[in-house]
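[1] I'll drop the sequence and a predicted model, then ask my questions.
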Amino acid sequence: MAVTQVVRSEWTKIRSVASTVWTLSLAVVVTIALGMLISALSEAEFDSLSERDRLSFDPTFISFAGMSLGQLAMIVFGVLVVSNEYSTGMIRASLAAVPQRGTFLFSKLAVATALALVVAMATSFATFFLGQAMLGEHKASIGDPGVLRAVIGGGLYMTLIALFSMGVAAMLRSPMLSLGILMPFFFLISNILGNVDATKKVGRFLPDQAGSKIMQVVTPVDDDTPYGPWGGLGIMALWVVAALIGGYVLLKRRDAQ
């Protein structure tokens, strides 16, 4: 089967499954709503901040506060896109129709990533502008140094989260097992490692902590991170590449089941 036909087939699969559409919609709503709420609260509390906290006040990064929950929906989207066919048994029919497993996986990832990128970029820009509206006189402008990079980086961050989840799901095949590992990894293990002094230096190299650096415009006073915004996104990209390679290798070696 030609690559264009496989891509078209994967697009039909994604848009015909209600759960994938709902998870992307949820990512948009949660990210924007929570970002606006945190921005409004930050604006109300600005006058009570210490001089040190005002120096580290980052209006751009604050507007992206909703991504901590929005990425949850992107993780679910990434997992469902890949593992749905395993849970329903459709994977056997898909691999029979497309025996070239590399082509099959690449087409699925390409379509899902393109969709995630469009949604993530739109969400990132909407989150920024609406969040800044809530911050009033403390807002940042899209033309300020580093702000456009942070907004574009926010969209790239959410896309990479989804792509990393696809790679993990390709390795594990089970949606429950994939979510059972990814959810604690991002929402528990990463936070613990990143906030405990003994493991902080390790935690900063995890995909979410490294990748979120791209959305930061104002560097905190006590920040000693050994990489910059693009370096952090690069570290996250390496995690994604490793997950995708693992998914591809295991797909090639295993039977369809």
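    All right, it came through fine.
[2] wouldn't residue 59 be in contact with residue 135 here?
    Yes: here residue 59 lies in contact with residue 135, judged by C-beta atoms under 8 Å, at a distance of 5.2 Å. Bear in mind the C-beta positions are built from the backbone N, C-alpha and C, glycine included.
[3] overlap in contacts of these two?
    When contacts are counted by C-beta atoms under 8 Å, 6 or more residues apart in numbering, residue 59 and residue 135 are jointly contacted by 39, 42.
[4] which ones are touching the nearest residue to residue 58 once chain neighbours are set aside?
    Nearest non-adjacent residue to residue 58, counting by C-beta to C-beta, 6 or more residues apart in numbering: residue 218, 3.8 Å away. Each residue near residue 218 by C-beta under 8 Å, 6+ apart is listed here: 56, 57, 58, 60, 61.
[5] at 10 Å what do you get?
    Taking C-beta atoms under 10 Å, 6 or more residues apart in numbering, we find residue 218 in contact with 55, 56, 57, 58, 59, 60, 61, 62, 140, 146, 150.
[6] now this structure, which segments are flagged as low pLDDT?
    The chain contains residues with pLDDT under 70 at 1-2, 87-89, 94-96, 98-99, 255-257.
[7] show me what counts as buried in the longest helix along it.
    Using DSSP state H, we find that the single longest helix of the chain is helix 101-135. Residues of helix 101-135 classed as buried: 101, 104-109, 111-113, 115-117, 119-121, 123-128, 131-132, 134-135 (neighbour count, 16 or more other C-beta atoms under 10 Å).
[8] which parts of the stretch 151-257 of the chain are helices?
    Under the criterion DSSP state H, counting those that start in this stretch, the stretch 151-257 of the chain contains helices at 175-184, 190-195, 200-203, 207-211, 229-253.
[9] tally of neighbours for the nearest residue to residue 207 once chain neighbours are set aside?
    With C-beta to C-beta, 6+ apart as the criterion, residue 207 has its nearest non-adjacent residue at 4.0 Å, and that residue is residue 239. Applying other C-beta atoms under 10 Å, we find 19 residues neighbouring residue 239.
[10] does residue 205 touch residue 232 like I think?
    Yes: using C-beta atoms under 10 Å, residue 205 is in contact with residue 232, at 9.2 Å.
[11] which one of those two has more residues nearby?
    Shown here are residue 205 and residue 232; by other C-beta under 10 Å, residue 232 has more neighbours (25 against 18).
[12] number of residues surrounding the closest residue to the more buried one other than its chain neighbours?
    Nearest residue to residue 232 in three dimensions, chain neighbours excluded: residue 213, at 3.2 Å (C-beta to C-beta, 6+ apart). If you count neighbours by other C-beta under 10 Å, residue 213 ends up with 24.
[13] gap between residue 213 and residue 234?
    10 Å (C-beta to C-beta, to the nearest Å).
[14] now do residue 184
    Distance, residue 184 to residue 234, using C-beta to C-beta: 25 Å.
[15] and for residue 26?
    Residue 26 sits at a distance of 29 Å from residue 234 (criterion: C-beta to C-beta).
[16] again, but for residue 17
    Relative to residue 234, residue 17 is positioned 32 Å away (C-beta to C-beta).
[17] do the same with residue 134
    Plainly put, residue 134 is 31 Å away from residue 234 if you go by C-beta to C-beta.
[18] one step back: looking only at neighbour counts, state which of residue 26 and residue 234 leads.
    For residue 26 versus residue 234, the count of surrounding residues by other C-beta under 10 Å is larger for residue 26: 17 against 14.
[19] I figured that one hits residue 70, correct?
    Yes: Residue 26 lies in contact with residue 70 (C-beta under 10 Å); the separation is 8.2 Å.
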